[in-house]
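Student: Below is the sequence, then the predicted model.
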Amino acid sequence: MPEGHKTHFIAAEHDRLLAGQTLKVTSPQGRFRSDARNVSGRELESVHACGKHLFYHFDGDRIVHVHLGRYGKFRTLNTPPPEPVGKVRMRMIGAENTIDLNGPTTCRVIDGDEAQTVTDKLGPDPLAGGRKQDVWKNISSRSKPIGALLLDQGVIAGVGNIFRAEVLFETGLDPQIPGDQLSRESFDRLWRSLTRMMKTGLKYGRIIAVSAREAGKPLARIEGRDRFRIYGKTDCPRCGQLIDTIELASRRLYVCFGCQTDDQ
């Protein structure tokens, strides 16, 4: 599932390619056909992201709300576009660029009030000006493990399974420590690491947890699992012991219990 850095990256790219244009919006698959008619022929004013949600603002207070989920994917094509590939839920056709959307969890037309309802349920988004103090308040008032709270979009928006594993490893935190037992010093360290990592992900369009020095190459050239320190790995890059996996918040989490001992 794309994490917050990716939705913000997509929003900026789609805003650059299509905002300010009158779009033709269709649904080759058919499931979005009725909603497509409600925005087709209207100007796309802007695109923005909040957490893992995307909002395409058309004139007349009509907004296409997209949540990619685990299988959603965009494809950028030239205009006029070729025949659709796969089950294209939504196709947005601009003057020079066409964007196809396949397999999203959510794709619907809503208004500004409904969009506000969606965002009101989300915690602060570090990439959208979310306040550190608000995240601290959310975490320090809950007894769930920090490894579960980081995935709770009502606590902090945009963090997914990879960011969770990488930031907890980088800061040396045991993922099982309850939020209300996390020290302020540890939280400050966690916040610094997370915001830096998310901003790097936004800049490059992909999560990069390692430094250029660790990788021995510029960040832009780091590919695949080489971008991670612990996620999907078998051996700890610090101590060399085997990495454990545990189920936390119904997702597999990679942990080195030899290195992640803080706040215990």
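Tutor: Now that the structure is in, tell me what you want to look at.
Student: The closest residue to Ile222 other than its chain neighbours: neighbouring residues, count only.
Tutor: In space, and not counting its chain neighbours, Ile222 is closest to Ala215: 4.9 Å by Cβ to Cβ, 6 or more residues apart in numbering. C-beta here means a position set from N, CA and C on the backbone, and glycine is covered the same way. For Ala215, the neighbour count with other Cβ atoms under 10 Å is 15.
Student: Same question for the one 4 residues further on.
Tutor: The local packing count at Leu219 equals 15, with neighbours defined by other Cβ under 10 Å.
Student: I'd guessed it sits against Arg206; true?
Tutor: No. With contact defined as Cβ atoms under 8 Å, Leu219 does not reach Arg206; the gap is 9.7 Å.
Student: So which elements touch the helix or strand bottoming out on mean pLDDT in the chain?
Tutor: When each helix and strand of the chain is scored by mean pLDDT, DSSP states H and E, helix 212-215 comes last, with a mean of 91. For helix 212-215, there is no helix or strand it packs on, judged by 3 or more Cβ pairs under 8 Å, 6 or more residues apart in numbering; DSSP states H and E.
Student: Show me which residues of the next helix or strand after it are buried.
Tutor: Under the assignment DSSP states H and E, the closest C-terminal helix or strand after helix 212-215 is strand 244-248. In terms of neighbour count (16 or more other Cβ atoms under 10 Å), strand 244-248 has its buried residues at Leu248.
Student: Can you dump the C-alpha atoms of strand 244-248 in CSV for me?
Tutor: C-alpha atoms of strand 244-248 as CSV (Å, rounded to 0.1, in the frame of the first residue of the first chain):
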residue,chain,number,x,y,z
ASP,A,244,12.7,-11.3,13.9
THR,A,245,9.2,-10.7,12.5
ILE,A,246,6.2,-10.2,14.7
GLU,A,247,2.5,-9.5,14.0
LEU,A,248,1.5,-6.1,15.3
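Student: and that strand, what does it pack onto?
Tutor: By 3+ Cβ pairs under 8 Å, 6+ apart, strand 244-248 packs against strand 251-255.
Student: buried stuff in the strand it packs on?
Tutor: Buried residues in strand 251-255, defined by neighbour count with 16+ other Cβ under 10 Å: 253-255.
Student: residue ranges of the strands in this structure, please?
Tutor: Ranges of strands in the chain, per DSSP state E, are 24-26, 44-50, 53-58, 62-67, 73-78, 88-93, 97-102, 106-110, 244-248, 251-255.
Student: Nearest to Ser141 among the ones you listed would be which one?
Tutor: Proximity to Ser141 (Cβ to Cβ) singles out strand 244-248 among the strands of the chain, at 19.3 Å.
Student: That closest one pairs with which strands, and in what direction?
Tutor: Taking DSSP bridges as the criterion, strand 244-248 forms sheet pairs with strand 251-255 (antiparallel).
Student: Need the contact partners of the partner strand.
Tutor: Contacts to strand 251-255, defined as Cβ atoms under 8 Å, 6 or more residues apart in numbering, come from residues 147, 151, 161, 164-165, 168-169, 174-175, 230-233, 243-247.
Student: mind saving the C-alpha coords of the helix ranked longest in the chain as CSV?
Tutor: Selection of the longest helix in the chain by residue count, based on DSSP state H, yields helix 184-204. This file holds the C-alpha atoms of helix 184-204, laid out as CSV (Å, rounded to 0.1, in the frame of the first residue of the first chain):
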residue,chain,number,x,y,z
ARG,A,184,9.4,12.5,25.5
GLU,A,185,13.1,12.2,24.5
SER,A,186,12.4,9.0,22.6
PHE,A,187,9.4,10.6,20.9
ASP,A,188,11.4,13.6,19.8
ARG,A,189,14.0,11.3,18.3
LEU,A,190,11.2,9.3,16.6
TRP,A,191,9.6,12.5,15.2
ARG,A,192,12.9,13.8,13.8
SER,A,193,13.7,10.5,12.1
LEU,A,194,10.2,10.0,10.7
THR,A,195,9.8,13.5,9.3
ARG,A,196,13.2,13.3,7.7
MET,A,197,12.5,9.9,6.2
MET,A,198,9.1,11.0,4.9
LYS,A,199,10.5,14.1,3.3
THR,A,200,13.2,12.1,1.6
GLY,A,201,10.5,9.7,0.3
LEU,A,202,8.5,12.6,-1.1
LYS,A,203,11.6,14.1,-2.8
TYR,A,204,12.5,10.8,-4.6
